[in-house]
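Colleague: I need the structure of the sequence given here:
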Amino acid sequence: MIMKSLISAFGLFCAVAAATFAQTTSPTPELYSQKTLDDLVRIQKAATSGTYAYDQARYMSATIGPRLSGSNEAAFAVQYVADQMRKLGLDVKLQKVMVPHWVRGVETAQLTEWHGMPPGATRNVVVTALGHSIATPSSGITADVVVVNDFAELDRLGRKNIEGKIVLFNYKYDMGLQASGFGLAAYGQAVAYRTNGASAAAKYGAVAAIVRSAGGSQSRLAHTGLMRYQDGIPKIPTGAVTFEDSETIAYLSALGPVKMHLTLTPQTLPPVESYNVIADMKGSEKPNEYVIVSGHLDSWDLAQGAIDDAAGVAAAYSVPAILKDLGLRPKRTIRFIAWMDEEQGGTGSDAYYAEEKGNVANHFAAIEADLGASHPIGFKFSGKPELARYFGPLVTVLRPQGAVLAQYQPGGVGSDIGPLTNDGVPSFAPFFNEQTYFKYHHNAADTFDKIDRGEIGEVSGVVAVLAYGLANLEQPLPR
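Modeller: A predicted model of the protein is given here:
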């Protein structure tokens, strides 16, 4: 508990220090013209009082629905967003991306034997297939369950205790970290079992692997997401079970043998042609320098993909919409991107970087929104630490909505802009307290009702102020 408190305190200190430094240190000549500062105030007020982001998030999540790459819904969303950008008068390009096409099938699980069971009883288990998993036979498989808490315990048990069985990885998502606002850190620990559990179990002869959900829900909701097979190791079916069912199976396994019947019938179909949506609001003075503002358009398929990531795409969409309404034109080009395939491998961001790697020097900055739509407490940035001195005026503009922290995050701030970040492009993202996001992330509760109109307006405010401020910055950013 002390260590968790220290982590929380240290993170807060770094954020406050960065924000304080940003507000008290300012190089000369000026960073932002007075007109830009006045316009930023107008932009922030328009974002937080308007419904640009809220309306678009509702349409993408509640009307279009889940947008798994390769699906009809994803294709529809591409055309919808492209049309919206054309209506705003932006130069629109659809950038071809070949995306995975994995489809979910039947997914059921029952406990069929356990110590002390009533005669003839079975126990249903909530299970969902993990992305890119292979299928069981259509009739399912029945095997004993072996519960392990981590990879080290799996290794200690070895082949003699694992072969022919279903392995349950009962690694516990750290609720304490989430309660302290560090949900992403807790997710980062747990997600290794979702990603690598199947191959780790298959190495010892397991016939299937299931994992305790890598999320903070305690509403019997299973969490899906991408898994990966390792070369040279047999592929076995894999899925996730809920917090509650994992606890039950672990308890029953401590009493005696437990047998499960598991049916998962997903399919991996040939890759499908899809697109990144790229739309430019041309700069008035430096049209060949770009400030990217973005979110990913695809989602998982258990719900509506509302907080992950209709909210992020909608916040990015709001930037050109607000600027058009206010009659403002940035000095540098603001490039809106709705990324495709963030969830199943990042082929969209790979395609963009492959096309633009010779033009990285003209990418002035990149912004990505992909951690929900709760109240933002500021923004994160990646690149040179000295970037902090450029943010004081932006923090001042965002102070009325409580977004006053600027936190340096050297490892990057977003997966889709990651290739650009790694190549030196200063990168930015809204900064959230992560207490609630992973309760809904990748599960059946990721629906539009989780988005608060005022809070997504605040996300829009952070993204829009960052985008326009950076596009009008009077100095180059350190690279």
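Colleague: With just CA atoms, put the one helix or strand Glu153 maps to into CSV.
Modeller: Taking DSSP states H and E as the definition, one finds Glu153 inside helix 151-162. These are the backbone C-alpha positions of helix 151-162, laid out as CSV (Å, rounded to 0.1, in the frame of the first residue of the first chain):
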residue,chain,number,x,y,z
PHE,A,151,4.0,-17.6,-15.8
ALA,A,152,6.4,-18.7,-13.1
GLU,A,153,3.8,-21.0,-11.6
LEU,A,154,3.1,-22.5,-15.0
ASP,A,155,6.8,-23.2,-15.5
ARG,A,156,7.1,-24.9,-12.1
LEU,A,157,4.2,-27.2,-12.9
GLY,A,158,5.7,-28.2,-16.2
ARG,A,159,4.4,-30.6,-18.9
LYS,A,160,3.5,-33.5,-16.6
ASN,A,161,0.8,-31.3,-14.9
ILE,A,162,-0.3,-29.3,-17.9
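Colleague: Buried residues of that helix, list them for me.
Modeller: 151, 154, 162 (16 or more other Cβ atoms under 10 Å). In this view, the C-beta of every residue, glycine as well, is placed from N, C-alpha and C.
Colleague: just stretch 132-149 next, same as before
Modeller: Buried residues in stretch 132-149 (16+ other Cβ under 10 Å): 132-136, 140-141, 143, 145-148.
Colleague: Repeat that for stretch 78-97.
Modeller: Residues of stretch 78-97 classed as buried by neighbour count (16+ other Cβ under 10 Å): 78, 80-82, 84-85, 88, 90, 92, 94-95, 97.
Colleague: Would you reformat the buried residues of stretch 132-149 as CSV and include pLDDT, secondary structure and distance to Phe432?
Modeller: Converted to CSV, the buried residues of stretch 132-149 look like this (pLDDT from 0 to 100; DSSP: H, G, I helix; E, B strand; the rest coil; distance: Cβ to Cβ, whole Å):
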residue, pLDDT, secondary structure, distance to Phe432
His132, 98, coil, 28
Ser133, 98, coil, 30
Ile134, 98, coil, 35
Ala135, 98, coil, 37
Thr136, 98, coil, 38
Gly140, 98, coil, 40
Ile141, 98, strand, 41
Ala143, 98, strand, 41
Val145, 98, strand, 37
Val146, 98, strand, 37
Val147, 98, strand, 34
Val148, 98, strand, 33
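Colleague: Which single one of those residues is nearest to Tyr437?
Modeller: Each of these was checked against Tyr437 using Cβ to Cβ; the closest is His132, at 23.4 Å.
Colleague: so where do the strands sit in the stretch 201-350 of the chain?
Modeller: 208-212, 238-241, 259-264, 267-281, 286-296, 332-339 (DSSP state E, counting those that start in this stretch).
Colleague: Point out where the chain drops to low pLDDT.
Modeller: For the chain, the stretches with pLDDT under 70 are 1-29.
Colleague: And for it, the residue most distant from the center?
Modeller: Note on the chain: the largest C-alpha distance from the chain mean falls to Pro119, namely 45.0 Å (Cα atoms, centre = their mean).
Colleague: Phi first, then psi, for that residue.
Modeller: phi -60, psi 130 (degrees, to the nearest 10).
Colleague: The spatially most central residue of the chain: what's it in contact with?
Modeller: By Cα atoms, centre = their mean, the mean C-alpha position of the chain lies nearest to Asp370, the distance being 4.8 Å. Residues in contact with Asp370 (Cβ atoms under 8 Å, 6 or more residues apart in numbering) are 295-296, 308-309, 312, 342, 414-416, 429.
Colleague: got the domain boundaries for this protein?
Modeller: 18-99+270-471, 105-265 (automatic domain parsing).
Colleague: out of the ones you listed, deepest packed?
Modeller: domain 18-99+270-471 (a mean of 22; mean count of other Cβ atoms under 10 Å).
Colleague: Inside helices: which ones of the contacts of Asp370?
Modeller: Gly312 (DSSP state H).
Colleague: Return the member of the contacts of Asp370 nearest to Ser217.
Modeller: Nearest to Ser217 among the contacts of Asp370, with distances taken as Cβ to Cβ, is Asp308, at 13.3 Å.
Colleague: Test my guess that the closest one contacts Asp446.
Modeller: Yes. Assessed by Cβ atoms under 8 Å, Asp308 is found in contact with Asp446 at 5.9 Å.
Colleague: Which stretches in the stretch 301-450 of the chain count as helices?
Modeller: Using DSSP state H, counting those that start in this stretch, the helices of the stretch 301-450 of the chain run over residues 311-326, 347-356, 392-398, 418-422, 437-440.
Colleague: Reformat the ones you listed as JSON lines; add distance to Ile43.
Modeller: As requested, the helices of the stretch 301-450 of the chain are arranged in JSON lines below (distance: least, Cβ to Cβ, whole Å):
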{"stretch": "helix 311-326", "distance to Ile43": "6"}
{"stretch": "helix 347-356", "distance to Ile43": "26"}
{"stretch": "helix 392-398", "distance to Ile43": "8"}
{"stretch": "helix 418-422", "distance to Ile43": "24"}
{"stretch": "helix 437-440", "distance to Ile43": "26"}
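Colleague: Looking at those helices, which is nearest to Glu474?
Modeller: helix 392-398 (10.9 Å).
Colleague: circling back to that earlier point, residues touching the residue farthest from the centre of the chain, list them.
Modeller: Here Pro119 is in contact with no residue (Cβ under 8 Å, 6+ apart).
Colleague: And the one 10 residues further on, by the same measure?
Modeller: Listed by Cβ under 8 Å, 6+ apart, the contact partners of Ala129 are 104-105, 107, 224, 237-239, 264, 266.
Colleague: Can you lay out the strands of the stretch 201-350 of the chain as JSON lines showing distance to Thr248?
Modeller: Compiled in JSON lines, the strands of the stretch 201-350 of the chain are given as follows (distance: least, Cβ to Cβ, whole Å):
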{"stretch": "strand 208-212", "distance to Thr248": "11"}
{"stretch": "strand 238-241", "distance to Thr248": "9"}
{"stretch": "strand 259-264", "distance to Thr248": "12"}
{"stretch": "strand 267-281", "distance to Thr248": "30"}
{"stretch": "strand 286-296", "distance to Thr248": "35"}
{"stretch": "strand 332-339", "distance to Thr248": "38"}
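Colleague: and Ser382, which of these is closest to it?
Modeller: Taking the strands of the stretch 201-350 of the chain one by one with Cβ to Cβ, strand 286-296 is closest: 13.4 Å.
Colleague: That closest one packs against which elements?
Modeller: Using 3 or more Cβ pairs under 8 Å, 6 or more residues apart in numbering; DSSP states H and E as the contact test, the elements touching strand 286-296 are helix 311-326, strand 332-339, strand 363-368, helix 453-471.
Colleague: That'll do, ta.
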